[in-house]
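Q: turn this into a structure:
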Amino acid sequence: MPRISPFVGLRFDPSRVGSLERVTAPPYDVISRAEHERLLAMSEHNVIRLDLGDDPEIAGDRRYPQATSLLAGWRADGVLVATREPIFAAYEMRFRLHGVPRRLRGVVAAVGLEDWGGAILPHERTMEAPVEDRLRLLRELRVDLSCIESVYLGPDEAVASWLDEATASEADVSVVDDDGVEHRTWFRPAEDRLARVLGRHHLMIADGHHRYTTALRYRDEMRRQTGEGPWDATLMLLVDAALEEPPVLPFHRIQLDGPAPT
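A: Residues are numbered from 1 along each chain as shown. This is a model prediction of the structure:
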């Protein structure tokens, strides 16, 4: 079964960066060039500078070391601050779907990496180019910039009760993105019981197959060099598919050329 553990997180200090809306960004793989430039203009500390670089014109070998220097500078200057101890995080997203208010909750935790086919399952294939890009960035930064989203079958009332308690107070972080979706996070002390409860579930990757494949390759590289270490786990959002009913929407594609339909 999956090995669930708390993690040390890096948080933006609002006293240094201002509104957190200015330093957050959508997932790296949905950002156009125009969106990239807009995010760069929002703040000198926008996370896009780590994820995709601080200049859309820079690619390849130059971009990855620049991200390393930038991350080190932000940590040294107190722009990013590590949590005092390992934590779990409760996460909640509020949005509207087909005009109906919806909520999605889950637990952010470190999850021990397993080869595909055990307690962690995929549902789609990956492409080599995105994996290589993320692997080169991970080699440099040695931090997870975003969560992989996984679902488990559920319902698990014990996890739901933990989430109820964790989200009853004011959120530690609250951000509204450009689509009007509200993201809230609560940082909670590590609990062995929560780790045990979550660890009894098989997981299916809902979003983040390339990041998980990248984490597996990085783990194998580091094990050959050094042995076991923090690279044996990756950051995940764990969602109860039964209680939370995460929406699964189609990804529409348009074929612009080729044979006419018959």
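Q: going forward, measure contacts and count neighbours with C-alpha atoms only.
A: Fine.
Q: am I right that Leu70 falls within a helix?
A: Yes. Judged by DSSP: H, G, I helix; E, B strand; the rest coil, Leu70 forms part of a helix.
Q: shaky segments in the protein?
A: 58-60, 249-262 (pLDDT under 70).
Q: neighbours around Tyr64, how many?
A: Number of residues near Tyr64 (other Cα atoms under 10 Å) recorded here: 23.
Q: ditto for Arg3
A: 17.
Q: where along the protein do the strands fall?
A: Listed in chain order, the strands of the chain (DSSP state E) span 4-5, 10-12, 80-82, 87-97, 100-112, 120-121, 148-152, 173-176, 182-189, 203-207, 233-240.
Q: need the contact partners of the biggest helix by length in the chain.
A: The residue-count maximum for a helix in the chain (DSSP state H) belongs to helix 209-225. Residues from elsewhere that reach helix 209-225, judged by Cα atoms under 8 Å, 6 or more residues apart in numbering: 113-115, 122, 124-127, 130-132, 134-135, 138-139, 148, 228-229, 231-234.
Q: give me the buried positions along that helix.
A: Buried residues in helix 209-225, counting neighbours by 16 or more other Cα atoms under 10 Å, are found at 209-220, 222.
Q: can I get those in TSV including distance to Arg196?
A: Formatted as TSV, those follow (distance: Cα to Cα, whole Å):
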residue	distance to Arg196
His209	25
His210	27
Arg211	25
Tyr212	22
Thr213	25
Thr214	26
Ala215	23
Leu216	23
Arg217	27
Tyr218	26
Arg219	23
Asp220	26
Met222	27
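Q: CSV for the strands of the chain, including distance to Ala67?
A: Formatted as CSV, the strands of the chain follow (distance: least, Cα to Cα, whole Å):
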stretch, distance to Ala67
strand 4-5, 27
strand 10-12, 15
strand 80-82, 14
strand 87-97, 25
strand 100-112, 23
strand 120-121, 30
strand 148-152, 21
strand 173-176, 24
strand 182-189, 25
strand 203-207, 24
strand 233-240, 19
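Q: hey, what's the closest residue to Val176 other than its chain neighbours bridged with?
A: In this structure, Val176 finds its nearest non-sequential neighbour in Glu182, 4.3 Å apart by Cα to Cα, 6 or more residues apart in numbering. Beta bridges link Glu182 to Arg94, Val176, judged by DSSP bridges.
Q: distance between the longest helix of the chain and the chain's centre?
A: The chain centroid and the centroid of helix 209-225 are separated by 16 Å, computed with Cα atoms, centre = their mean, to the nearest Å.
Q: which ones are touching Ser43?
A: Ser43 sits next to Val17, Arg22, Val23 when contact means Cα under 8 Å, 6+ apart.
Q: among the residues you listed, which ones are in helices?
A: Val17.
Q: closest to His98 among the contacts of Ser43?
A: Using Cα to Cα, Arg22 comes nearest to His98 of these, at 27.8 Å.
Q: my guess is that closest one contacts Asn46, does it?
A: Yes. Judged on Cα atoms under 8 Å, Arg22 makes contact with Asn46 at a distance of 6.4 Å.
Q: sorry, back to before: how about the strands of the chain in JSON lines, adding mean neighbour count and distance to Leu40?
A: Below are the strands of the chain laid out as JSON lines (neighbours: other Cα atoms under 10 Å; distance: least, Cα to Cα, whole Å):
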{"stretch": "strand 4-5", "mean neighbour count": "24", "distance to Leu40": "34"}
{"stretch": "strand 10-12", "mean neighbour count": "18", "distance to Leu40": "16"}
{"stretch": "strand 80-82", "mean neighbour count": "17", "distance to Leu40": "17"}
{"stretch": "strand 87-97", "mean neighbour count": "19", "distance to Leu40": "25"}
{"stretch": "strand 100-112", "mean neighbour count": "20", "distance to Leu40": "27"}
{"stretch": "strand 120-121", "mean neighbour count": "20", "distance to Leu40": "35"}
{"stretch": "strand 148-152", "mean neighbour count": "22", "distance to Leu40": "24"}
{"stretch": "strand 173-176", "mean neighbour count": "16", "distance to Leu40": "18"}
{"stretch": "strand 182-189", "mean neighbour count": "18", "distance to Leu40": "21"}
{"stretch": "strand 203-207", "mean neighbour count": "20", "distance to Leu40": "25"}
{"stretch": "strand 233-240", "mean neighbour count": "24", "distance to Leu40": "25"}
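Q: perfect, that will be all.
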